[in-house]
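Peer 1: predicted model follows, preceded by the sequence.
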Amino acid sequence: MAKKIGVYICSGCGIGHSIDVERLEGVAKAAAPGGPVRRSAAFCLEDARQIQADIEQEGLDGVVIAACSPRVNTDVFGFKGALVERVNLREQVAWSHPPNEDETQALADDYLRMGLVQAQKSSPPTPYTEAHERTVLVVGGGVAGLSAAISAARSDFGVVLVEKGPELGGYAARLHRQFPKRPPYDQLAAVDVAEKIRMVRSLPNVRILTQAQVQEISGEPGRFRVIIQAAGAPVEVQVGAIVLATGWRPAEPHAYAAYGLGRCPNVVTSVDFEEMVAKGRIGRPSDGRPALRVAFLLCDGEGDDAHLPYGGNVSSLVALKQATYVRQQGKDASAYVFYEDMQTPGQSEYFYRRVQADPGIFLSRGQVRGVAEDRDRNVLLDVSETLMGGDIRLVVDVLVLSTGMIPSTVDADGQLGLAYLQGKDVPTTRFGYADSNFICFPYETRRTGIYSAGAVRAAMDLAASVRDGRAAALKAIQSIEKSSAGQAVHPRVGDLSYPNFFMQKCTSCGRCTQECPFGALELDERKHPVLNTNRCRRCGICMGACPVQIISFNDYSVDMLSTMIRAVEIPEGDEEKPRILVLACENDAYPALDMAGINRLRYPSSVRVIPVRCLGSVNSILIADAVSRGFDGVALLGCKPGEDYQCHFIRGSELLETRMGNVRETLGRLALEPERVQVMEVAISESEKIPPMLDEFVRTIKTIGPNPMKGF
Amino acid sequence: MADATLIQPDLEFKTAILGLDAHDLSVCYQCGTCTAVCPQSTADNPFPRKEMVWVQWGLRDRVLGNSSIWLCHQCGICNTYCPRDAKPANVMAALRDYSITHYAVPRFMGQALEQPRYLLLLFAIPAVIFLTILARLGHLTSLPAGRIVFSKLFPVEDIDAVFLTAIGLSLVGAVAGGLRYWRAMRASPPAGASRRDAPASEGASSSGGSPGRHVLSTILDILTHRKFRQCDEAPAGDRDTYKRHVPATHLAVFWGFLGLVVTTTSVGIGLYVFGYPTPWPVWHPVKILGDVSGAAVIGAASIFLWRRIVDGQKAGKSTYSDWLFLVILGATTLTGFLCQGLRLADLPTLAYPTYFVHLLLIFFLLVYIPYSKFAHLVYRTVAMLHAAPSSAALRRADRPLHPPGAM
């Protein structure tokens, strides 16, 4: 708890023209912060030194800077020796509300009071620095795994490389050629996996275990304890982070039954075909005669749902690559490629053009409606939806079906043997990939310290897998470094705080252990939660979950938020001055609010915004607090829940939805209208949505009328 | 499933077309922008994407049995808007070249006009004929004396005998070629059904129906260049196609040529019916018509030549057959004027040899019509006749050129 707090009010950037800064000084002094109250036209310039001087000379343990958004100038306002709280007078007061009006001034006053409470209720956390293991476990010896192992080992981290099979190299070792690697990107390249294997074997700090499988993983980032079954005997190792690179397998043959696989001997998958070419000869499986007419089907049309999610652009490129194999047989060889979408991203475009330039490779959109064979076992393809006019029939020697790349996590059953309360496997995305959100948080699985790379994360080619392995290794290294310093890894990089449990009051309900999106909490024998600090991402979802509010951070707690809510002055008997509490997710909604200010968009001055780490960290008691305090409405601004969530903590928005049930029940008990509390979705890029949304909400609240609890 | 048509991709055909300055075709990814911007393309008969795909797949019979390549007037809009620079207009032009050679009767004549190595031979044929006449009359050693009268060098009867025979033969060739094309179009499935979602069209199904009642409207279309002008009337945007002058310039050369045909016919009638001997005086209305028409042809041909040279590849390809036709047409008209001028200037040593050259050029221009680029006269007319029922149906229904989703 900060005892002696200095208050610094900035009048620059238009703040002084918008509000009465002197009056604000009065508000600060009235709160008796114990330290000086100062004013400057620009605290971000040389006056910042005054703050540091006050900390040292006056012995301040907290400072409240009422100036710009906490999202900017973090370097200027980062002081040694004192906790810093920021009051957002610029973006969320001066820039977004009419100047010199009572309501704008009241907003600034309230924000300053809230900031002071926040400072008073914070204390510096003691970092957890107990885990220092500097070894990376790499599971899977394909290109992604090899690349991760090489990258980590070259960065002077120890590596334990575990491969299920007898040899390293994975699928890459079975390929004939790989996609072009070098400018001008129009020639296939030799597969260089052997070089990677040589490299990994030559590195002294890599321990390779083949015919080995991970049996159990326990612990946390910085100190995982791993038991590996290698050649029948268990091996125990300690590692700091884990790279999951277990690759893919082809889709089940029955997914292609409609295309004749299994029924016609001359219908094969792209994996079979690649192996055939790697062995040296393209022939008809039925009779071994040369296959000069080969059709390729991308299997990416309607009705291909079973494997469609697992193809991506790799299917397109594989078909193009294999078409060039066919043409290498001679001038009279022809390859026909049918697709719904030809995807050749990035430099692959050059390869596509090179394939197009070969007159013996025929490309067309089209959907194969039927596959049959004649007496000679030629494959008869009936294709519709081409641009040639009507359905066409084509006679070929061999039909090659692009196979989906099913990530190994789809059929993994305790692949990593995680000794976690929430289960043995890494949670996966909608299609079974080991990842959290492929756009925002690539490589980060929902288990802190475990990073995915290669085809287990998304369908990808060799070059992408190599990059992936490297990137995941960097993530693993970051995890080790941050964990050993007691800092959060991501997304709250560097956060030293972590949840504390006031265990005497724990009712052993276990909700926190169930709701934690990252499996950070285990249960002890009394069914009390046990925190694995380095697994924790400091989102506060456990704090929002706890029905008896015993979970808090040193600088973020239910008590703090509740006191901030109570610090707001609620005008009574003035219907034109409602008060709306806005709990805004600090990752998306809060920056969007800032952006609204930057764009000088006006939204109602009756809102009081409190940033929260995640909507999932909002304990429903806070909403009850707000309404019983007299707030007329509560808006919860967060990101999109569901399958394509945008939540930084994966389940925050979703959990809030379920908690809203309780909230509505509470409102009912208080005989209040349920419309007073609303959840609103806003993405970081949607600042323009905010004013109409809040205007509408204020209108709704005015229609309902003031909160009858005011003044109680 | 049973209605699927067996296709046999013909690599040779594909390579042949690519070789006719259409190699950019290979980068086409079949998006259909060309068809969307084409002022001539209709929902029933979308082109040139159809042709692009057909050539990519070597579907020779489909390409050759379709009217689209001749319904295209080479405005170049597709070249301008193609996102891949696949030059659809070049492909259409190459297909027309190929098609003329393919339908040529006799076949070797098609080859001869397509390949530069036969050029001398093609000139040698009329040269031998005319030299033989000159030798017979003893004009190889001495030119006719007195006032310059070209019929003294070549008697009218000889000229007419040669030309009527040769043009008669070439007419047989033209009719045979046109008929072959007509039959190929009738044998082909309607083009409109290229996509499931294309609107069912009563128009396309009538392809190959009786052309009789559409002959007049087609002739009117040709005389007025109604279709041709559409190329310029509804541009897809403001990008320069370098071809916007073409409908007007072609109209000039077309009417100029018609004027020259009328002039020649009138002179023939005057000579044989009224015994009015040549040369006619310069003030004679028929002579004036001839001069004006010739000037139109020369002017238009010069504009074509100049633009082809100045615009270069920007306006699409210019192939051997393009240059050959243009140069022969221009040179024929030019030598015609020269003959008249030299005759009036009374310079027999220049006038008679120029007349000889003029005759060679006329022979080349007219007798080789079914095989040179001039064959568009035959094949475009046939194609327009074939397409007339569906385009008439389209007009009747007052449908927009590009219904949504028809691309």
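Peer 2: Arrived safely, thanks for sending.
Peer 1: could you dump stretch A:458-472 to CSV, C-alpha only?
Peer 2: The C-alpha trace of stretch A:458-472 is given here as CSV (Å, rounded to 0.1, in the frame of the first residue of the first chain):
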residue,chain,number,x,y,z
ALA,A,458,-0.9,-24.9,-39.6
ALA,A,459,-0.6,-26.6,-43.0
MET,A,460,2.7,-25.3,-44.4
ASP,A,461,5.6,-26.1,-46.6
LEU,A,462,9.2,-26.8,-45.7
ALA,A,463,10.5,-23.3,-46.0
ALA,A,464,7.7,-22.1,-43.7
SER,A,465,8.4,-25.0,-41.3
VAL,A,466,12.0,-23.9,-41.1
ARG,A,467,11.0,-20.3,-40.3
ASP,A,468,8.4,-21.7,-37.8
GLY,A,469,11.0,-23.8,-36.0
ARG,A,470,13.3,-20.8,-35.7
ALA,A,471,10.4,-18.5,-34.4
ALA,A,472,9.2,-21.1,-31.9
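Peer 1: name the residues that touch that stretch?
Peer 2: With contact meaning Cβ atoms under 8 Å, 6 or more residues apart in numbering or on different chains, stretch A:458-472 is reached by A:142-151, A:172, A:175, A:178-179, A:181, A:191, A:193, A:243, A:245, A:248, A:310-315, A:317, A:404-405, A:433, A:435, A:438, A:442-443, A:451-455, A:457. (Glycine included, C-beta is placed from N, CA and C.)
Peer 1: could you pick out the buried ones from the residues you listed?
Peer 2: A:142-151, A:172, A:175, A:178-179, A:191, A:193, A:243, A:245, A:248, A:310-315, A:317, A:404-405, A:433, A:435, A:442-443, A:451-455, A:457 (16 or more other Cβ atoms under 10 Å in any protein chain shown).
Peer 1: return the residues of chain A in contact with chain B.
Peer 2: Residues of chain A lying close to chain B (Cβ under 8 Å from any Cβ of the partner chain) are A:332, A:334, A:336, A:342, A:353, A:356-360, A:362-365, A:369-370, A:382-395.
Peer 1: which of those residues fall in strands?
Peer 2: Judged by DSSP state E, the residues of chain A next to chain B include A:334, A:336, A:362-365, A:369-370, A:382-384, A:392-395 as members of strands.
Peer 1: contact partners for B:Ser372?
Peer 2: Shown in contact with B:Ser372 (Cβ under 8 Å, 6+ apart): B:100, B:113, B:321, B:324-325, B:328, B:365.
Peer 1: again, only using 10 Å
Peer 2: B:100, B:109-110, B:112-114, B:122, B:321, B:324-325, B:328-329, B:364-365 (Cβ atoms under 10 Å, 6 or more residues apart in numbering or on different chains).
Peer 1: now secondary structure too, for those, in a markdown table please.
Peer 2: Conversion of the contacts of B:Ser372 to a markdown table gives the following (DSSP: H, G, I helix; E, B strand; the rest coil):
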| residue | secondary structure |
| --- | --- |
| B:Ile100 | helix |
| B:Met109 | helix |
| B:Gly110 | helix |
| B:Ala112 | helix |
| B:Leu113 | helix |
| B:Glu114 | helix |
| B:Leu122 | helix |
| B:Ser321 | helix |
| B:Leu324 | helix |
| B:Phe325 | helix |
| B:Ile328 | helix |
| B:Leu329 | helix |
| B:Phe364 | helix |
| B:Leu365 | helix |
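Peer 1: centroid-nearest residue for chain B?
Peer 2: Compute the mean C-alpha point of chain B, and by Cα atoms, centre = their mean the closest residue is B:His376, 2.8 Å away.
Peer 1: that one contacts B:Asp322, correct?
Peer 2: No - B:His376 is beyond contact range of B:Asp322, at 11.2 Å (criterion: Cβ atoms under 10 Å).
Peer 1: which residues of the stretch 301-407 of chain B score low on pLDDT?
Peer 2: B:391-407 (pLDDT under 70).
Peer 1: if you set the cut-off to 90 instead, what comes out?
Peer 2: The model of the stretch 301-407 of chain B has pLDDT under 90 over residues B:311-318, B:387-407.
Peer 1: buried residues, stretch B:105-125. List them.
Peer 2: Neighbour-count burial for stretch B:105-125 flags B:105, B:109-110, B:112-114, B:122, B:125 (criterion: 16+ other Cβ under 10 Å).
Peer 1: should've said stretch A:195-205
Peer 2: A:196-197, A:199-200, A:203, A:205.
Peer 1: after the helix or strand bottoming out on mean pLDDT in chain A comes which helix or strand?
Peer 2: The weakest-scoring helix or strand in chain A, judged by mean pLDDT, DSSP states H and E, is helix A:652-669 (a mean of 88). Note on helix A:652-669: by DSSP states H and E, the next helix or strand toward the C-terminus is strand A:677-681.
Peer 1: any idea of the mean pLDDT in that next one?
Peer 2: Average pLDDT, strand A:677-681: 94.
Peer 1: so for residue 278, what's the nearest residue that isn't a sequence neighbour?
Peer 2: Picking chain A for this. Closest residue to A:Ala278 apart from its sequence neighbours, by Cβ to Cβ, 6 or more residues apart in numbering or on different chains: A:His176 at 4.2 Å.
Peer 1: wait, chain B
Peer 2: Closest residue to B:Thr278 apart from its sequence neighbours, by Cβ to Cβ, 6+ apart: B:Ser151 at 6.0 Å.
Peer 1: element containing that neighbour?
Peer 2: Using DSSP H and E, B:Ser151 falls in helix B:150-153.
Peer 1: next: A:Arg377.
Peer 2: Using DSSP H and E, A:Arg377 is not contained in any helix or strand.
Peer 1: how about it: what's its closest non-neighbour residue?
Peer 2: Sequence neighbours aside, A:Ser286 is the residue nearest to A:Arg377 in space, at 4.2 Å (criterion: Cβ to Cβ, 6+ apart).
Peer 1: which residues touch the one you found?
Peer 2: Shown here is A:Ser286, whose contacts under the criterion Cβ under 10 Å, 6+ apart are A:264-266, A:373, A:376-379, A:397-398.
Peer 1: what's the first-to-last distance across stretch A:383-395?
Peer 2: Length of stretch A:383-395, first residue to last, Cα to Cα, to the nearest Å: 11 Å.
Peer 1: where do the strands sit along chain B?
Peer 2: Taking DSSP E as the test, the strands found in chain B are B:5-6.
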